Structure formats: structure tokens, C-alpha cells
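Colleague: Need a 3D model of the sequence below.
(chains A and B)
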Amino acid sequence: QSVLTQPPSASGTPGQRVTISCSGSSSNIGSDPVNWYQQLPGTAPKLLIYSNNHRPSGVPDRFSGSKSGTSASLAISGLQSDDEADYYCAAWDDSLNAAVFGGGTHLTVL
Amino acid sequence: EVQLVQSGAEVKKPGQSLKISCRGSGYSFTNYWIGWVRQMPGKGLEWMGIIYPGDSDTRYRSSLQGQVTISADTSISTAYLQWSSLQASDTAMYYCARLLNTVTNALDYWGQGTLVTVSS
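Modeller: Below you'll find the model as predicted:
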């Protein structure tokens, strides 16, 4: 299983706010920045949030990230149908000396 | 515009060798780490390793050490991922991506992916 733990699925209706959690440990989230990626069906992943809560240029402010201790969260407000995708958290792991990903959360927009 | 363009899909037999590529453009190729990420069918993302083309400094996920080789040719702004002897378990989509910096370790630009199928 993955070093970072995410729920396998999440869902919401258009306009709603949803959050996706990511749990780690002191060697990864507890000591290094968290990044989030969005992977739309059949496409390459895209950087959504970097360094816990920063959005790359072009990412809508409906997407936000936060981190507390050894956990992080991605929040999506004003949910839209084209937000339906897989979302992955990631961080560097100082013990493994490698980057680690969460198992991914599939978001369904009902 | 930053772009990473990967080589096309490959179908190989177990035991064969393979080298896939990732050409960068629109930025200084030698000044950014390039990473490789594996996605097995229906599964999540797995970090494989990174290379700094400027000096060829390379880091691997420990479980993959010796299984693959990451390299780069700065004269053509291209990074490579290669296998000397493929196994069926290497069947996956492989992505290259640029590392924003070593503070965040965020992968800010991604290639389109190269699908590798290993089957007898």
C-alpha cells in the first residue's frame, strides 16, 4: 500500500464543497511540503497545488490546500462536472529519500 | 512555453531491452531536475527517480535500483529511461516531469506519457 493514505473515493454535487484528506508521517508530510495533482481520465497528471497551499498559474482559486502536522487536505469549492478526476497527494520522504504519492482519490460529481 | 514530449508507445517481449525518451523545450534543460513516474494499469502514481541534466546527478527509488537506468543528453535536451531486460510487470504508462525545485519537489510540467507493454 501507499506511504501516504487517501480515501479511495469522494463525491459531491455541482456547487458543493468537497475535501480530500492525505495522511502521512513525520518523515514525509510532517517535515516536507505537500503537493497535489489532478489526473483527468486518459491524461497525464497536472500540478494542482504545490508547497501545501500554492496554486500554479492557471489553477482556479476554487482549489485550495492546507497542512497540519502529518496530514494535509485538498478542498474544492463550487464543484463542477469537469472536476471529476483522480487526485493524488505527494511529498518527499526523508527516510526513503524518495518522493511518495498517496494512492489517489477518485472524485465523482453526481 | 515549457513542453516535455515523450517517445511513442512500445510493445516488447520479456527479456528485451528498451529506452524511452523525454525531450524538453521552452526552458533551460540543464537547470531543472527531470523525474520519471510509473503508473501501472488501473493503479496510482509511483515515483521512480530523478536526474539533474546539468551534472547527471541521479537518484532512484530504492526498490528500482538496478532495474532501470535514468540518463540525459544535454546536447538534445532529452532524458531517458531504460531497461536492459524487461519483465511483464514493467507494463505501465511512464511519465516524465520537470521538478519545480528541490524545496517543494513539485512536478510542474509533465510529458504526455509513454505506454510500455511487455508481453510474450
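Colleague: Quick one: neighbours of the closest residue to A:Gly69 other than its chain neighbours, just the number.
Modeller: Distances taken as Cβ to Cβ, 6 or more residues apart in numbering or on different chains place A:Gly30 nearest to A:Gly69, at 6.3 Å, with adjacent residues excluded. C-beta: built from backbone N, CA, C; applies to glycine. Here the number of neighbours of A:Gly30 (other Cβ atoms under 10 Å in any protein chain shown) works out to 14.
Colleague: before we move on, what about B:Arg98?
Modeller: B:Arg98 - counted by other Cβ under 10 Å - has 23 other residues nearby.
Colleague: what are the ranges of the strands in chain A?
Modeller: A:9-12, A:18-23, A:34-39, A:46-49, A:63-68, A:71-76, A:85-93, A:98-101, A:105-109 (DSSP state E).
Colleague: Quickly run through the sheet partners of the first one, with directions.
Modeller: This means strand A:9-12. The pairing partners recorded for strand A:9-12 under DSSP bridges are strand A:105-109 (parallel).
Colleague: Other residues contacting the partner strand?
Modeller: Applying Cβ atoms under 8 Å, 6 or more residues apart in numbering or on different chains, the external contacts of strand A:105-109 come out as A:6-14, A:18, A:20, A:76, A:79-81, A:83-88.
Colleague: who touches the most centrally placed residue in chain B in this structure?
Modeller: Among the residues of chain B, the one closest to the centroid is B:Trp36, at 3.4 Å (Cα atoms, centre = their mean). Contact analysis of B:Trp36 by Cβ under 8 Å, 6+ apart lists B:22, B:47-50, B:68, B:70, B:79, B:81, B:94-97.
Colleague: thinking the residue nearest to A:Gly69 is in contact with A:Ser71, fair?
Modeller: No - checked against Cβ atoms under 8 Å, the pair A:Gly30 and A:Ser71 is beyond contact range at 9.0 Å.
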